[in-house]
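K.L.:
Sequence and computational prediction follow.
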Amino acid sequence: MIIPDKNLFIVTSALKPLVSPFSDGERFQQTVDGLRSIRKIVPDAIIVTTDVSIRALTDLEKISVAEKSNYFIDMTQDADVMKLSQIGQKGLAENLMLYKTLLTLKQNPDTSKMMSSVKRIFKFSGRSVLLEGFNAEEHDIFGKFVFKKRIPTWMHTPEISDLLITRMFSFCPSLIDTYLTVIQDNIPLIQRGFDTEHAHFENIPKQHLFEFDELHCFGWLSGNGKIEHY
């Protein structure tokens, strides 16, 4: 019997997106810095990098990212995810990319056995960096999603009161199917104009939600290029 003892980081990436305040080279370096931070702070982590780039990656770029990951999933081969990315539907593309990545990890013979060793799954946005204060063991709460503490909505709507930061969060492997349902429920909300962070707050079952004051990471905002700590 395998006793789960590994932390899985699913790194969602768009090294060459439709629009960005950063050059391709800057985005690539930010992504590499993020992968290195995971390996430094959680040395035995399983890292799965899944990328949907609008423009083709060079062989060197693919190799460099793949070498810093345990698995590299090239979503540019997925017509559904690519179509959303090409028309600027970032929230929909990321949700669908995460959905298909999780299904692949569950169903692919090469990765399904690996999943039996996983005790915690982290969703980690590309171009994010873990800080020294990060402790993966603090997230190891059975049957719970762990997010940064909810933030009041900036939208003028009575429908959703708060949002959940989705740059990094984690969940127990027992909740994979629950999270796949969350993603499915996110899609119509995002299609109605809500972003993925409001959709997550609406659809994450609150009985399974645990919130941290600080996640100990930072990332570059895609809209204005600023660094924000979480």
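P.N.:
Thanks, I have the structure now. Residues are numbered from 1 along each chain as shown.
K.L.:
Can you list the buried residues in the helix or strand of the chain with the lowest mean pLDDT?
P.N.:
Scoring the helices and strands of the chain by mean pLDDT, DSSP states H and E places helix 109-115 at the bottom, with a mean of 89. For helix 109-115, burial by neighbour count (16 or more other Cβ atoms under 10 Å) applies to 111, 114-115. For the C-beta atoms, the positions are set from N, CA and C on the backbone; glycine is no exception.
K.L.:
Show me what secondary structure element comes after that helix.
P.N.:
Next along the chain after helix 109-115, taking DSSP states H and E as the criterion, comes strand 118-125.
K.L.:
Pull up the pairing partners for that next one, direction included.
P.N.:
strand 6-13 (parallel), strand 168-171 (antiparallel) (DSSP bridges).
K.L.:
Following element in sequence after that strand, please.
P.N.:
In N-to-C order, the element after strand 118-125 by DSSP H and E is strand 128-130.
K.L.:
Quick check: what element follows that next one along the chain?
P.N.:
Counting by DSSP H and E, what follows strand 128-130 is strand 145-148.
K.L.:
what pLDDT, on average, does that following strand get?
P.N.:
Taken as a whole, strand 145-148 carries a mean pLDDT of 98.
K.L.:
what's it packed up against?
P.N.:
Helices and strands touching strand 145-148, by 3 or more Cβ pairs under 8 Å, 6 or more residues apart in numbering; DSSP states H and E, are strand 168-171, strand 209-212.
K.L.:
correct me, but Q184 touches Y99?
P.N.:
Yes: the pair Q184 / Y99 is scored as a contact, 7.5 Å apart, by Cβ atoms under 8 Å.
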